[in-house]
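Visitor: Sequence first, predicted model second:
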Number of protein chains: 2
Amino acid sequence: MIKFRSGCPIASTLDIVGDKWSLLIVRTLVLGPASYSDFLSKAERIATNILAERLSRLEEAGLIRQTQARQGSHRGSYVLTAKGAGLIPALQALALWGEEQIPGRWKAPERFYAARPADFEQPEIPVS
Amino acid sequence: MIKFRSGCPIASTLDIVGDKWSLLIVRTLVLGPASYSDFLSKAERIATNILAERLSRLEEAGLIRQTQARQGSHRGSYVLTAKGAGLIPALQALALWGEEQIPGRWKAPERFYAARPADFEQPEIPVS
DNA sequence: CATTCTAACTTGCATTTTGCAAGTTAGAAT
DNA sequence: ATTCTAACTTGCAAAATGCAAGTTAGAATG
């Protein structure tokens, strides 16, 4: 159970994803599904214990989920839920600030800025 | 000197303001100047040592500055610089997510969503 | 001008979070 | 049946955060 510092929507959002790693996990998933080892191979070098703990917390918070591993591969990949995808505009704003204000940063790929929360909506299951 | 985890603009932005408190300090300043004790009286109850350290780091990073205390009041208030104000869109996106996705949050005041980075540009000093 | 008051910090130490290295497990490949 | 590897878990060290109390410098009071 998350303890909120106040009723402020910003403070509360940060109480969910405001640790050192959660938003970077979400960032990776904006560009598509990723496995445990995909996250480990990112440039920021997250530790394995932290990654495992963050993945389970983000799953519990409903921001990410695991896809069914079809026909026995090791395990499923992680993907964003609609709730997690709701953070895309915030990530895009943070990326823009970093590119503009911090010298020498990479430019985020066009696909990242083109991503929209609506791209991650669950497909409706057609009625009959 | 800040150590960046990677060249990623999001990761790097979080290396500057991604701790537990910095973005809440910036949030407060979006609505206007604030003194040390103004920050202390906010609902989230930041500890005094943390506040002092964050204010000096944010000042050093160029995101906030102290206004000149005219004719001896205790000390000047803190205000956002243009660089700090560049984070306003990210804060607005985080606030919106919190209001939409977390039950029972406060609604941020209209003035908060109306704020624009351009409102915090330094006035030009006219040439002669 | 001496004393009191208070905003703005600083210090010391406890607690929590993060990081590192090594170990474990379960299914896949040989 | 054995080996391999992705996906974790565990134990401990280091860093960040939190708490309570103390300090300081200018402002107000008498």
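Guide: Thanks, I have it. Numbering: from 1, shown residues only, chains lettered A, B, ... in the order given.

Visitor: Against B:Arg5, how distant is A:Lys42?
Guide: 9 Å (CB to CB, to the nearest Å). Bear in mind the C-beta positions are built from the backbone N, C-alpha and C, glycine included.

Visitor: And A:Ser22, by the same measure?
Guide: For A:Ser22, the distance to B:Arg5 - CB to CB - is 14 Å.

Visitor: Tell me which of those two has more neighbours.
Guide: In this view A:Ser22 and B:Arg5 are compared by other CB atoms under 10 Å in any protein chain shown, and A:Ser22 has more residues nearby, 23 against 18.

Visitor: Can you read off the pLDDT for that one?
Guide: Looking at A:Ser22, its pLDDT reads 98.

Visitor: next one: A:Ser73
Guide: 60.

Visitor: count of residues packed around A:Phe4?
Guide: If you count neighbours by other CB under 10 Å, A:Phe4 ends up with 17.

Visitor: do A:Ser37 as well
Guide: Based on other CB under 10 Å, the number of other residues close to A:Ser37 is 10.

Visitor: likewise A:Ser77?
Guide: 17.

Visitor: And for A:Lys42?
Guide: Counted with other CB under 10 Å, residues neighbouring A:Lys42 total 18.

Visitor: what sits against it?
Guide: A:Leu24, A:Thr28, B:Ser6 (CB atoms under 8 Å, 6 or more residues apart in numbering or on different chains).

Visitor: Now flag whichever of those residues is closest to A:Ile64.
Guide: A:Thr28 (10.2 Å; CB to CB).

Visitor: Could you report the neighbour count for the closest one?
Guide: With other CB under 10 Å as criterion, A:Thr28 counts 19.

Visitor: Pretty sure it sits against A:Asp38.
Guide: Yes: using CB atoms under 8 Å, A:Thr28 is in contact with A:Asp38, at 7.2 Å.

Visitor: centre of the chain versus the helix or strand containing A:Leu23, how much separation?
Guide: A:Leu23 is part of helix A:22-30 when elements are defined by DSSP states H and E. On the basis of CA atoms, centre = their mean, to the nearest Å, helix A:22-30 sits 3 Å off its chain's mean C-alpha point.
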